[in-house]
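Asks: Any chance you could fold what I've pasted below:
(one chain, ligands or ions: 2)
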Amino acid sequence: MSGGSTPSSRRNSFNSLSRDLDLPSEQGCLSIVVLGASGDLAKKKTFPALYHLFDQGFIQSGEVHIFGYARSNLSDDGLRERIRGYLKGDPEDLSEFLQLIKYVSGSYDTGEGFQKLNKTISQYEASNKSGSYRRLFYLALPPSVYPSVCKMIRTYCMNPSSHPGWTRVIVEKPFGKDLDSAEELSAQLGELFEEHQLYRIDHYLGKELVQNLLVLRFANRLFLPLWNRDNIDNIQIVFREDFGTEGRGGYFDQYGIIRDIIQNHLLQVFCLVAMEKPVSLKPEHIRDEKVKVLQSVNPIKPEEVVLGQYDGYKDDPTVPDDSNTPTFASVVLRVHNERWEGVPFILKAGKALSSRKAEVRVQFKDVPGDIFRNKRQGRNEFVIRLQPSEAMYMKLTVKKPGLEMATEQSELDLSYGMRYQNIKIPEAYERLILDTIRGDQQHFVRRDELKAAWQIFTPLLHDIDDGKLKALPYEPGSRGPKEADELSARVGYVQTHGYIWIPPTLA
Ligand SMILES: NC(=O)C1=CN([C@@H]2O[C@H](COP(=O)(O)OP(=O)(O)OC[C@H]3O[C@@H](n4cnc5c(N)ncnc54)[C@H](OP(=O)(O)O)[C@@H]3O)[C@@H](O)[C@H]2O)C=CC1
Ligand SMILES: O=C1O[C@H](COP(=O)(O)O)[C@@H](O)[C@H](O)[C@H]1O
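Replies: Residues are numbered from 1 along each chain as shown. Ligands and ions are numbered 1, 2, ... in the order given. You can find the predicted model right below:
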């Protein structure tokens, strides 16, 4: 086993966290069902995350069994072979993990396959007589089949009410395409499951530095008085990818970058940056604050939006020749409340750009009564880099070392690669699956949160779909349309010129 601590010490820390949040510490049978087991998400993310949990002792042989379900005609070994190449670790551990996996084949809309699945799960449960029976269904499937699959789970595969335990369902985005379709999907799932059984996953909420945002903001006295319109000039939340839609053009074209990244991943980060302090760390308290800040966002102004589409995007045969789908967008959100009135939040995302990164950049106002002519150096910025190479750094003006009284911009740097050298940062999916097993919904999207998120973006999305807003062309490998940088400058962002520093972790 890797990871430095033993499985039982890991389990203890897991249980102590559960106690803090009043979550019951549970033992007994755990059945994890991956629906869509033959697909891309399952083999690249879901099974590797399960393997890491197994490898660290969070899920254990004798207690957990994993079931893959899909339409393809595969044997148990066939599925194991498909996923083996995506798992890295000690060969003995790997074989032990793979032996936990069983495959059941069936369709997504008829009862036969799900009856077979239920029978297989029940046989395993019957052989394990202690504790509760817990059933976790992970829908690694296209959203079009969520309603029918959920209906089948509800009809054939629930943990029988005569047994202690639970049934929980993890659903992947996209949760709808606009407010109406999201509400329709929510209503369909809401008829089948209670909100506490549904886990809407947004994998950005499982990233280390996204999880750190609450701690940073509310456990540090330093930030409390600064985090507001009196001190902060603007905040950017940026996602950049240095590759295009590559083979996913057909899917992507129906969604575009706002639905793919901004309405969910960046908006979740926005919530954690902008929300008020929750009453406690209880999931409902945190999610209440997220909903409140989302509801305080003003309607988006079309003049505060820049859309782009990279040249060559339409060469993909699955993308229509007249597509107006944005592969880049910069959108300014304005929050109408006491803390943030007048502070622009620039949410920017793009594919096929010059670099890959995701970050939050908090830019502070200029120093009043400045005697050092700081403006030439640049403003204070606090940057939280989510990826790659997790880091937080604060850009400060300092005295340039030497005899002269000259100033320059430097940094207080917390690069995780240097500070936490022997610590492996867990994958987002790993944490989120573990949270689901623990029954902690803090890092999952609640139904009213989803609704508030769609309310913000639906009018803009409809304008784009109707061709009222056009995507500007940009060169692949560039920064996106120059109009996006002009928009940032117009709403107040001041770029620091000449500050370049390559820390050892990035060299
Ligand atoms: N711990 C660490 O890893 C640290 C690393 N550094 C490194 O030092 C260097 C400078 O840091 P930093 O200033 O924070 O980061 P960058 O130079 O990457 O970006 C600074 C800001 O300028 C914007 N920008 C870049 N080019 C333009 C342009 N042509 N027009 C308008 N805006 C532009 C960026 O926007 P956009 O987001 O859209 O690109 C970003 O908001 C970086 O390489 C950084 O990685 C510095 C401190 C600590
Ligand atoms: O949800 C999605 O996220 C990925 C980017 O995830 P990351 O963890 O690598 O930042 C993106 O490529 C994809 O288009 C989108 O659907």
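
Asks: buried ones in stretch 315-325?
Replies: Buried positions in stretch 315-325, judged by neighbour count with 16 or more other CB atoms under 10 Å: 316, 319, 323-325. Placement of C-beta: from N, CA and C, glycine included.

Asks: Next, format the residues you listed as CSV and append distance to ligand 2 and secondary structure.
Replies: Converted to CSV, the buried residues of stretch 315-325 look like this (distance: CB to the nearest ligand atom, whole Å; DSSP: H, G, I helix; E, B strand; the rest coil):
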residue, distance to ligand 2, secondary structure
316, 14, coil
319, 15, coil
323, 16, coil
324, 18, coil
325, 13, coil
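
Asks: which of these sit farthest apart?
Replies: 316 and 324 (14.9 Å; CB to CB).

Asks: Which of the residues in stretch 86-100 are classified as buried?
Replies: Neighbour-count burial for stretch 86-100, counted by 16+ other CB under 10 Å, picks out 87, 94, 97-98, 100.

Asks: I meant stretch 281-299, not that one.
Replies: Those would be 282-283, 286-297, for stretch 281-299 by 16+ other CB under 10 Å.

Asks: Among these, which lie within helices?
Replies: Those of the buried residues of stretch 281-299 mapping onto helices are 283, 286-295, per DSSP state H.

Asks: So which of the residues you listed is the closest to residue 432?
Replies: Nearest member of those to residue 432, counting by CB to CB, is residue 283, at 12.8 Å.

Asks: Walk me through the domains of the chain.
Replies: 26-172, 206-424+452-491 (the TED database).

Asks: mind checking which of the ones you listed is nearest ligand 1?
Replies: domain 206-424+452-491 (3.7 Å; CB to the nearest ligand atom).

Asks: Okay, buried residues for stretch 465-473 please.
Replies: 469, 471.

Asks: Quick one: end-to-end distance for it.
Replies: By CA to CA, to the nearest Å, the extent of stretch 465-473 from end to end equals 17 Å.

Asks: Just the residues contacting that stretch, thanks.
Replies: Under the criterion CB atoms under 8 Å, 6 or more residues apart in numbering, residues 302, 305-311, 324-328, 460, 463-464, 481, 483 lie in contact with stretch 465-473.

Asks: Narrow the residues you listed to those that are buried.
Replies: 305-310, 324-328, 460, 464, 481, 483.

Asks: which bits of the stretch 251-400 of the chain sit near ligand 1?
Replies: 348, 361, 383, 391, 393 (CB under 6 Å from any ligand atom).

Asks: so which of these is the most crowded?
Replies: Highest neighbour count within those, by other CB atoms under 10 Å: residue 348, with 25 neighbours.

Asks: Okay, and the beta partners of residue 363?
Replies: On the basis of DSSP bridges, residue 363 is bridged to residue 234, residue 381.

Asks: any idea of the pLDDT on it?
Replies: Listed pLDDT for residue 363 reads 98.

Asks: Next up, the contacts around residue 398.
Replies: Counted by CB under 8 Å, 6+ apart, residue 398 has contacts 407-410.

Asks: Helix, strand, or coil at it?
Replies: Secondary structure, DSSP: H, G, I helix; E, B strand; the rest coil: residue 398 is strand.

Asks: Please point out which parts of stretch 227-246 sit buried.
Replies: Taking 16+ other CB under 10 Å as the criterion, stretch 227-246 shows 227, 232-241, 244-245 as buried.
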